[in-house]
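*Asks:* sequence plus the predicted model coming up.
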Amino acid sequence: MDWNYIAGFFDGEGSVTHNGKGYRITVPQTDEGVLVEICKFTKLGHVIKLRKREAHWKDSWLYYIANKKDVCRFLKKTRPYLVIKREKSVSAIKDLEKELIIMARKKKVHDRRKKQAKKLRSRGLDYRAIGKKLNIDWGYARRLVLDLA
């Protein structure tokens with residue numbers, strides 16, 4: 001198993017789709033074993049059994065990756081070997097890299113707010129006061145302090 005084989009398999013059998021929230025990699029197959037081996041090798045995604053729509057159809061499975069970081073990593077690793085899906089993968093990688101930068105910035109802000117909210121709570125401020133001080137909703141302040149957000 002190597003990335004060249006996986007890229008060829010993905011190029012022929014799989015798809016990369018954008019569902020409005022992000023990109024998803026899917027590869028349907030009637031041979032579960034090959035999908036499990038791909039999943040083990042890449043350490044990305046999951047293999048699930050699909051429900052038969054007709055009783056006489058073969059069992060089938062789906063290898064899918066939905067996590068943005070994982071989709072980006074998969075596409076970057078397979079891009080050098082892709083033929084049919086090369087343009088789509090290049091476009092998706094650009095979009096995903098932008099989204100990942102935005103996510104990292106949001107996480108940084110979130111972590112900073114969490115630290116500030118916990119510090120203010122330890123000083124005895126209530127959630128409403130914390131919310132006012134940090135210019136956020138008091139419910140969000142509560143979730144930050146309680147590690148629910």
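*Replies:* Good, I have the coordinates.

*Asks:* quick check: domain ranges of this protein?
*Replies:* 3-84, 87-149 (automatic domain parsing).

*Asks:* show me the shaky parts of this protein.
*Replies:* Within the chain, the stretches with pLDDT under 70 are 149.

*Asks:* how about the helices in it?
*Replies:* When secondary structure is read from DSSP state H, the chain shows helices at 3-13, 32-42, 68-78, 86-122, 127-134, 138-145.

*Asks:* can you list the domains of the chain in JSON lines and add mean neighbour count?
*Replies:* Every residue, glycine included, has its C-beta placed from N, CA and C. Compiled in JSON lines, the domains of the chain are given as follows (neighbours: other Cβ atoms under 10 Å):
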{"stretch": "domain 3-84", "mean neighbour count": "15"}
{"stretch": "domain 87-149", "mean neighbour count": "15"}
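
*Asks:* can I get the helices of the chain in CSV including distance to residue 23?
*Replies:* Formatted as CSV, the entries for the helices of the chain read as follows, by distance: least, Cβ to Cβ, whole Å:
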stretch, distance to residue 23
helix 3-13, 13
helix 32-42, 16
helix 68-78, 5
helix 86-122, 5
helix 127-134, 33
helix 138-145, 28
